[in-house]
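Trainee: kindly return the folded structure for what I paste below:
(chains A and B)
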Number of protein chains: 2
Amino acid sequence: MQSRRRARAPMYSSVNGPRATPPAPARPAVPTAPEAAPAFAATMGAAASAPAVGGQHPLTRQDENSRLRAYETGIKDAFAHIVPTLKRIAARQHEPDFETWAQEEARKALGVTLPADALRDAWIGHLDMRAIFAHAYFETFKAFSNGYFETDPLETRRQSPTFRDFLLECGFHAMNVTPCSDGRLAHTISYVLRLPMGAVRRKSYAGATFDVEEALQRWSSVELSRFREGVPNLADAPTRYLKVVAYHYSSRDPEHQGCAAHGSDTRKAATAGLEQLRAFRKAVESSYCCGASIEVLLIGIDTDTDRLRVHFKNGAGEPDLDRFVDAGGLYRETQRLDADAARARIRDAIAKPSDGGLAPEAGMQRLMARLIENNLSQIDYVRAYEGEHYPDAGHEERFIGVGTDFEEIHLRNLTYFAFMKTLEEGAPNLDVGIKIFRKLNVSHGLPIPIVLRFDFSGQVPGARERAIQRCARVAEAIGARYPELAEQGLIQTYWTVRDTSRPGPIECVGGSLPGLRSCA
Amino acid sequence: MQSRRRARAPMYSSVNGPRATPPAPARPAVPTAPEAAPAFAATMGAAASAPAVGGQHPLTRQDENSRLRAYETGIKDAFAHIVPTLKRIAARQHEPDFETWAQEEARKALGVTLPADALRDAWIGHLDMRAIFAHAYFETFKAFSNGYFETDPLETRRQSPTFRDFLLECGFHAMNVTPCSDGRLAHTISYVLRLPMGAVRRKSYAGATFDVEEALQRWSSVELSRFREGVPNLADAPTRYLKVVAYHYSSRDPEHQGCAAHGSDTRKAATAGLEQLRAFRKAVESSYCCGASIEVLLIGIDTDTDRLRVHFKNGAGEPDLDRFVDAGGLYRETQRLDADAARARIRDAIAKPSDGGLAPEAGMQRLMARLIENNLSQIDYVRAYEGEHYPDAGHEERFIGVGTDFEEIHLRNLTYFAFMKTLEEGAPNLDVGIKIFRKLNVSHGLPIPIVLRFDFSGQVPGARERAIQRCARVAEAIGARYPELAEQGLIQTYWTVRDTSRPGPIECVGGSLPGLRSCA
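Mentor: All right, here's what the predicted structure looks like:
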């Protein structure tokens, strides 16, 4: 969560190319400033922020970066084309043959069919641009969502089995990551950590303060499946359930662009993560006997550069706020080595902490080394495509997501996510999102597009109907909470559900636009 | 749930005796009408309603009935004394020495200390009788709630281990019962079925349509504890989890006093129960592999006489709506036999269904026989203390319970219960309750007392604070939903939480009355 924002550029820019051909990824930028930050920082504030020198890191996977960039650009461009296209369409709404021309234009530029009724009646008064804008956003969302589930563009399904095996070798039968629900952390799994969703589970919460009761339920469901089904391994195998919390901070503007849920205070954000991990572990240990426990890991992400820090543990077995390995430092320290030597140095930095403190267990060492190595590619990704740091330090989200985690969302600053099962519980989260979008959209006369998502298990009779009811109930509560926006059409909702018991796309089941009411 | 009501007698009656000495239980009434209903009815409508002849049934446990009656009378009298006592107090509010006298009077008649501030300021204007009324109700609730957890008046803790063993012998490692949340079913476990809470779990829902997802979670938690801890038995023991649904009907006025959630249609109520059991079983079977399943049982309760019917299964292993043993019929058929012969006849009626249909498995036969035998005591309880049928066929609840199941509530028509975690989800249930209490209380100028309850596990860090927040959030939502009542002080809330990880009483953590705000 982050409270201040910069001027919004991309959304209202005049980028105008056809959607089908995203720009080719730029060549890596060549930074010039030298640096000398240590791979291991003795205190929280000690990580240096100077960029690395020279070309790419030897461990950076350029092909992967190109693929990820094409994916990101394709989707973000699709959203960026909406406003310019609709402007052109709005300008010609009273011309002859407008209807056919506008549909053609929207299809060509956005890959979207506009609501025929709205176009047909334009000559009477004027086009309902708010409804058309929301419609285009929802269709664009739906297209990329379908793409995710149908074509596996991030290769998560392809990579999952291998990573599951690796996790087991490291001694973990499950890995569950909680980043902050801030849009700048939405790419944590697939980009910053380069891990395959599926093998890894994500549960985003504001301030990364996850719901301990929910986590306990998830834990017990994983353990039961080990006992009953031997999945992913037998219950007596000496592996552990790994819970990871990812806090975040801003190296460029730590006092303003950090985590808003913790007042942009890095130490506070890290402490909150630590406390939540401690609470979860205690909950498992005291709710179940016979040595029940979990393994925990605290990581930190710099939202300006995506560099990762991975915390060591202290003597009490808890993440140590002051001791961590920093991928940015290791990047610079190893960038002139060959791949093998760089890997060896990373392994050493983890196995032999420079302060002589406690080293992690062997399996955790392997996992930490993997995370650091993966993050090196992301550091180069940001350097290559964004420069020394992201240009959008603040909020630039395109829409608000409400409900359960959207498995298909993996792009930075695409979505402001408000986790909730009911608005009664989730209102504080959504209030923040609405405030952000009052500036981003409402101040320009544009509506706030809200996509609702509730997952269900198709194996549970009636579960789909209950998920749909939940969409309708939350949407109604949203309308009641922000009546002045809803009445002016400045909030539009799009209701989606997904059967998590089988692979497959989302299903649109309703929404505030006339055309959506019938999609149920 | 039930929609119509009769005139409310007890609450505004002039019963006036001191609270400390509940009236001794009356001797059993001697009904006169002969009867001839069969023990087994071939169709839903066939159960006869004539009362039994002669004295008590040989299997009736008179001592238990006396104990249960004393408990019921003690609590209901305590509530019944509130209005007459407050009337006396109101009448003398401008007399000298009022304060001391009123406290003395309240303590003597109700065992309650009135809020000193309210009494002290009475001379200036007039007593805030609404606040004092709610205060007295909440204190009376608290006293009986504490009594339940402290002195085990229904002997549930004493009887639980024995019944757990019996259940295991019958082949069940858990028994979870869902009655309707209608106040006339609140005594299902301890009175109608005579089972010890603890060994048996209760989850009340409107119309007995329980939450399948929640039930699935509960099931998996029970199974995990068998796997991990061997509690109550090892996971490979060939026992099953038993889910019971209790629907209800009215033998005297089936079209008006049945289950309101199902339009007072007995068959609809039973069908809904069957469908929910079917959904739960399917959810378990398809969510988990390796032969995961549960056992299900459908029972029906006549809210006029508390007689029980227990359904047989059909060839597909599902409860058969048309085939059941009826405790009322078996009562009459066996009441002139000695205890052993009566038991043998009951066993026979279950093992050899009179229509020649499928008999239950041996373990289920034992459990059914136990339920029928237990219910014979309850049939005599109603006959002895209420007559041919309950005089309060409709709603006579004393307060509304909101939140999770109140473990300590076991009295008929004491509480209208609205299950919810948020009002957003539970509003339809509470709307019905508020409608009932507009007639019961608001029409007399009295406020609606609402007790909130959220349970938590003290073993989960932060869980108590989250339960308290939930109380505050739901209470706020209640105020926002019924503003005209809340503003006039016609809705008063009392917030309670309870740590279910250890034995112990509830904790008051706040409420709408000034004195309660500080009890957090």
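
Trainee: where does the stretch 101-250 of chain A come near chain B, residue by residue?
Mentor: Residues of the stretch 101-250 of chain A lying close to chain B (C-beta under 8 Å from any C-beta of the partner chain) are A:212-213, A:216-217, A:220-221, A:223-225, A:227-229, A:235. From N, CA and C alone the C-beta is placed, and that goes for glycine too.

Trainee: among these, name the buried ones.
Mentor: For those, a burial check counting by 16 or more other C-beta atoms under 10 Å in any protein chain shown picks out A:212-213, A:216, A:220-221, A:223-225, A:227-228, A:235.

Trainee: redo those as CSV? Include pLDDT and secondary structure.
Mentor: Formatted as CSV, those follow (pLDDT from 0 to 100; DSSP: H, G, I helix; E, B strand; the rest coil):
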residue, pLDDT, secondary structure
A:212, 95, helix
A:213, 94, helix
A:216, 95, helix
A:220, 94, helix
A:221, 93, helix
A:223, 95, helix
A:224, 95, helix
A:225, 93, helix
A:227, 94, helix
A:228, 92, helix
A:235, 93, coil
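
Trainee: just flag the most distant two among those residues.
Mentor: Taking C-beta to C-beta as the measure, these span a maximum distance of 24.2 Å, between A:212 and A:228.

Trainee: circling back to that earlier point, out of the residues of the stretch 101-250 of chain A next to chain B, what pair is the most spread apart?
Mentor: Spanning the widest gap among these are A:212 and A:229, at 25.7 Å by C-beta to C-beta.

Trainee: follow-up on the earlier one: what is the nearest of the buried ones among the residues of the stretch 101-250 of chain A next to chain B to residue B:500?
Mentor: Nearest to residue B:500 among these: residue A:213, at 12.4 Å, using C-beta to C-beta.

Trainee: in contact with that closest one, which residues are there?
Mentor: B:460, B:463, B:466 (C-beta atoms under 8 Å, 6 or more residues apart in numbering or on different chains).

Trainee: how many neighbours does residue A:292 have?
Mentor: Residues near residue A:292, counting by other C-beta atoms under 10 Å in any protein chain shown, number 19.

Trainee: show me the contacts for it.
Mentor: A:223, A:284-285, B:228.

Trainee: now swap in residue A:207 and tell me
Mentor: A:1, A:180, A:259, A:261-262, A:269, A:272.

Trainee: biggest separation within the residues you listed, which pair?
Mentor: Pairwise distances among the contacts of residue A:207 were taken by C-beta to C-beta; the largest, 11.7 Å, belongs to A:1 and A:272.

Trainee: and those two? which has more neighbours close in?
Mentor: residue A:1 (26 against 20).

Trainee: sec struct for residue A:336, please.
Mentor: The three-state label for residue A:336, taken from DSSP: H, G, I helix; E, B strand; the rest coil, comes out as coil.

Trainee: what separation do you get for it and residue A:57?
Mentor: For residue A:336, the distance to residue A:57 equals 9 Å [C-beta to C-beta, to the nearest Å].

Trainee: of these two, who's got more company?
Mentor: residue A:57 (24 against 14).

Trainee: surely that one is in a strand?
Mentor: No. Using three-state DSSP, the assignment for residue A:57 is coil, not a strand.

Trainee: make sure it is actually in contact with residue A:378.
Mentor: No. With contact defined as C-beta atoms under 8 Å, residue A:57 does not reach residue A:378; the gap is 10.5 Å.

Trainee: and chain A, which of the contacts of residue A:213 reach it?
Mentor: B:460, B:463, B:466.

Trainee: okay, now the nearest residue to residue A:418 once chain neighbours are set aside: neighbour count?
Mentor: Excluding the flanking residues, the one nearest residue A:418 by C-beta to C-beta, 6 or more residues apart in numbering or on different chains is residue A:429, at 3.9 Å. The number of residues packed near residue A:429 is 23, by other C-beta under 10 Å.

Trainee: look at residue A:429 and report its pLDDT.
Mentor: On the pLDDT scale, residue A:429 is placed at 88.

Trainee: which residues touch it?
Mentor: A:181, A:206, A:418-420.

Trainee: C-terminal to the helix or strand harbouring it, what's the next element?
Mentor: Using DSSP states H and E, residue A:429 sits within helix A:423-440. Downstream of helix A:423-440, the next assigned helix or strand under DSSP H and E is strand A:448-456.

Trainee: for chain A, what spans make up the strands?
Mentor: A:40-41, A:172-179, A:201-202, A:240-249, A:295-302, A:308-313, A:319-326, A:399-403, A:415-419, A:448-456, A:491-499, A:507-511 (DSSP state E).

Trainee: just send these back as a markdown table, with mean pLDDT and mean neighbour count too.
Mentor: What follows is the strands of chain A, written out as a markdown table (pLDDT from 0 to 100; neighbours: other C-beta atoms under 10 Å in any protein chain shown):
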| stretch | mean pLDDT | mean neighbour count |
| --- | --- | --- |
| strand A:40-41 | 37 | 22 |
| strand A:172-179 | 98 | 24 |
| strand A:201-202 | 96 | 20 |
| strand A:240-249 | 97 | 25 |
| strand A:295-302 | 98 | 24 |
| strand A:308-313 | 98 | 24 |
| strand A:319-326 | 97 | 21 |
| strand A:399-403 | 97 | 26 |
| strand A:415-419 | 93 | 25 |
| strand A:448-456 | 98 | 24 |
| strand A:491-499 | 98 | 26 |
| strand A:507-511 | 96 | 21 |
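
Trainee: tell me which of those sits nearest to residue A:116.
Mentor: strand A:507-511 (17.1 Å).

Trainee: just want the angle from the closest one to strand A:491-499.
Mentor: 150 degrees (axes from the mean of the first three to the mean of the last three C-alpha atoms, to 10 degrees).

Trainee: can you list contacts of strand A:507-511?
Mentor: Contacts of strand A:507-511 (C-beta under 8 Å, 6+ apart): A:138, A:142, A:467-468, A:471-472, A:475, A:492-499, A:516-517, A:519-520.

Trainee: next, show the common contact partners of residue A:1 and residue A:272.
Mentor: A:207, A:261.

Trainee: distance check, the residue nearest to residue A:131 when sequence neighbours are not counted against residue B:177.
Mentor: Excluding the flanking residues, the one nearest residue A:131 by C-beta to C-beta, 6+ apart is residue A:513, at 5.7 Å. According to C-beta to C-beta, residue A:513 and residue B:177 sit 45 Å apart.

Trainee: and what of residue A:396?
Mentor: In terms of C-beta to C-beta, residue A:396 sits 53 Å off from residue B:177.

Trainee: which members of the ones next to chain A among the contacts of residue A:213 occur in helices, if any?
Mentor: Among those, the members found in helices (DSSP state H) are B:463, B:466.

Trainee: and chain A, what are its domains?
Mentor: A:62-134, A:156-386, A:396-516 (the TED database).

Trainee: list the residues that contact residue A:241.
Mentor: Here residue A:241 is in contact with A:172-174, A:176, A:219, A:222-223, A:294-295 (criterion: C-beta under 8 Å, 6+ apart).

Trainee: just the residues you listed now: which is nearest residue A:310?
Mentor: When the contacts of residue A:241 are ranked by distance to residue A:310 (C-beta to C-beta), residue A:295 comes first, at 13.4 Å.

Trainee: rounded mean pLDDT for stretch A:338-345, please.
Mentor: For stretch A:338-345, the mean per-residue pLDDT is 98.

Trainee: give the buried residues for it.
Mentor: Neighbour counts over stretch A:338-345 (16+ other C-beta under 10 Å) mark A:342-343 as buried.

Trainee: would you write a PyMOL line that selects the buried entries of the ones next to chain A among the contacts of residue A:213?
Mentor: Typed into PyMOL, the line below selects the buried ones among those, using 16+ other C-beta under 10 Å:
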select buried, chain B and resi 460+463
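
Trainee: span of stretch A:239-255 from start to end?
Mentor: 40 Å (C-alpha to C-alpha, to the nearest Å).

Trainee: no further queries at this time; thank you.
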